[in-house]
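*Asks:* Okay, sequence plus prediction incoming.
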Amino acid sequence: MTLSDDFGREVTGVRVSLTDRCNFDCVYCHNEGLGDTRGPMEPGDDEMDTDDVVRFLEVVSEYGVDSVKLTGGEPMLRQDLEEIIRRTPDSMEVSMTTNGTFLPGRAEDLKETGLDRVNVSQDALDPDEFAEITKSGAYDKVMEGVQAAVDAGLAPVKLNMVVFEHTAGYVEGMVEHVAENEGLQLQLIEYMPELTGKPEWNIDIQRVHDWLADIAEHVEHREMHDRKRYYVNPEAAESVAATPEPADIEEFQGGMVEIVDPVENADFCANCGRVRVTHEGYLKGCLNRNDDLKSMGEMSREEIAEAFEEVVAERVPYYGEYLVENERGEYEINDEYISTGTAD
Ligand SMILES: Nc1nc2c(ncn2[C@@H]2O[C@H](COP(=O)(O)OP(=O)(O)OP(=O)(O)O)[C@@H](O)[C@H]2O)c(=O)[nH]1
Ligand SMILES: C[S@@+](CC[C@H](N)C(=O)[O-])C[C@H]1O[C@@H](n2cnc3c(N)ncnc32)[C@H](O)[C@@H]1O
Ligand code: SF4
Ligand code: SF4
């Protein structure tokens, strides 16, 4: 039985941050809602251990959760990554979002262990521009990592690009790059200012929306599916012409551009079906909220199940007109959005 929240959003996925450590220091990083990442070698004593992660996944699989996204920080800094993947329930699709540095030499093993696919952050094709954004000299390793992922069949390999003032000018080149290189897709991610832990990083959010709208003009619009807007690069249109159905679009393995725009696109939060877990083992209903945290600490399976049900019950879409202020100045759910559907 799957769980749904008061907005009719069925929870079918979880997103687990395995660490807040990272070997990069990207200028925009939200660290999954927690602000700054720590250096790669600093101890991560507060991280959930292998058993904690696996226990959580086993519990939520009983609720019909059928996909898990491993993220961080940099998830590949976890020594037990392979063990976590191996012990994830078979019913779950396992994907990972990584900066790609550690994929060379490990991608194939990860695939064999049970990892289905990866997203790799890549905001620029030029090594100097890449270094400026990530504060890292690992450009060659990342390029090698992307190729290793493609070769290992971790498909589709999605390149994640955060659209903000540094990167807006690189989008066109990146669209061409995924069109020309087999196995790659591009995710253009709207910069999210909340909880970045980088208060000095000030950008005009309206400009980000305008850039994304411009970009949409340059690629052929296919459709809105799930939370995202899907576009297909015109250069790849010939092969897509034979795949007009939404399900086929999902199968399409190259040249596709996805727009991840939770701030601008009201349908995004309305279709959000993921519960999140911080690296310390706190459950939360939304990337941008830290006011509903529930620590799984030393919980038994039954207690974790109860906490999961509570977090789902408390989930509220973050962006959009979902909350209204009542006469006491408190925020409550706008009646218009309360689902009348069943919860299973
Ligand atoms: N606010 C918000 N941002 C999201 C959400 N999903 C993805 N993002 C943003 O997009 C970034 C990259 O997400 P990924 O985990 O690589 O991919 P994804 O788009 O979530 O998922 P897949 O396409 O299934 O791999 C996240 O770190 C967020 O910045 C979401 O549900 N809410
Ligand atoms: C926090 S990182 C963690 C995984 C891994 N270290 C990586 O970079 O892929 C996950 C994704 O969040 C995106 N991201 C980070 N900060 C963001 C922000 N402020 N707005 C939008 N996306 C952001 C990154 O581009 C990356 O693709
Ligand atoms: S690689 Fe990922 S976690 Fe690390 S700083 Fe960049 S976006 Fe953040
Ligand atoms: S509710 Fe909206 S902002 Fe929060 S995680 Fe879901 S899509 Fe992202």
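*Replies:* Yes, it's here. Only a predicted model underlies this, so the values are computations on that prediction, with no experimental measurement involved. Ligands and ions are numbered 1, 2, ... in the order given.
*Asks:* Tell me which residue in the stretch 101-250 of the chain sits closest to ligand 3.
*Replies:* Among the residues of the stretch 101-250 of the chain, Ser121 lies closest to ligand 3, at 5.5 Å counting by Cβ to the nearest ligand atom. In short, each C-beta sits where N, CA and C put it, glycine included.
*Asks:* now the closest residue to Val59 other than its chain neighbours: how far from ligand 2?
*Replies:* Excluding its sequence neighbours, the residue lying closest to Val59 (Cβ to Cβ, 6 or more residues apart in numbering) is Ile304, at 4.8 Å. Distance, Ile304 to ligand 2, using Cβ to the nearest ligand atom, to the nearest Å: 24 Å.
*Asks:* same question, Arg106
*Replies:* 15 Å.
*Asks:* how about that residue, what does it touch?
*Replies:* By Cβ atoms under 8 Å, 6 or more residues apart in numbering, Arg106 lies in contact with 76, 148.
*Asks:* Kindly report the same for the one 5 residues further on.
*Replies:* By Cβ under 8 Å, 6+ apart, Lys111 lies in contact with 152-154.
*Asks:* about what we covered before: now do the buried residues in the helix or strand harbouring the residue nearest to Val59.
*Replies:* Assigned by DSSP states H and E, Ile304 belongs to helix 301-313. Within helix 301-313, the residues scored as buried using 16 or more other Cβ atoms under 10 Å are 304, 307-308, 311-312.
*Asks:* what does that helix contact?
*Replies:* 3-6, 11, 55-56, 58-60, 62-63, 275, 283-285, 292, 294, 296, 299.
*Asks:* Please list the residues of the chain that sit near ligand 2.
*Replies:* 22, 28-32, 71-72, 74, 97-99, 121, 160, 162, 189, 191-192, 196 (Cβ under 6 Å from any ligand atom).
*Asks:* one more time with 8 Å, if that's ok
*Replies:* 17, 22, 24, 26, 28-32, 37, 71-75, 97-100, 119-121, 123, 160-162, 164, 187, 189-194, 196, 260 (Cβ under 8 Å from any ligand atom).
*Asks:* Please work out how many residues are found near Glu182.
*Replies:* Neighbour count for Glu182, taken as other Cβ atoms under 10 Å: 12.
*Asks:* hmm, back to that, now for the residue of the stretch 101-250 of the chain closest to ligand 3, how many residues are close by?
*Replies:* 22.
*Asks:* Can you give me the pLDDT of it?
*Replies:* At Ser121, the pLDDT value in this model is 98.
*Asks:* Can you flag the buried ones in the contacts of helix 301-313?
*Replies:* 3-6, 11, 55-56, 59-60, 63, 275, 283-285, 294, 296, 299.
*Asks:* Filtering these by proximity to ligand 4, which remain?
*Replies:* Gly285.
*Asks:* Narrow the buried ones among the contacts of helix 301-313 to those in helices?
*Replies:* 55-56, 59-60 (DSSP state H).
*Asks:* remind me which residues of the protein are low pLDDT?
*Replies:* 31-39, 42-43, 194-203, 216-228, 232-254, 320-326, 329-344 (pLDDT under 70).
*Asks:* where does it come near ligand 1, residue by residue?
*Replies:* 13, 15, 30, 32, 67, 69, 71, 95, 97, 117, 119, 121, 158, 160, 162, 187, 189-190, 192, 227-228, 258, 260, 262-263, 268-269, 272, 274, 286-288, 318-319.
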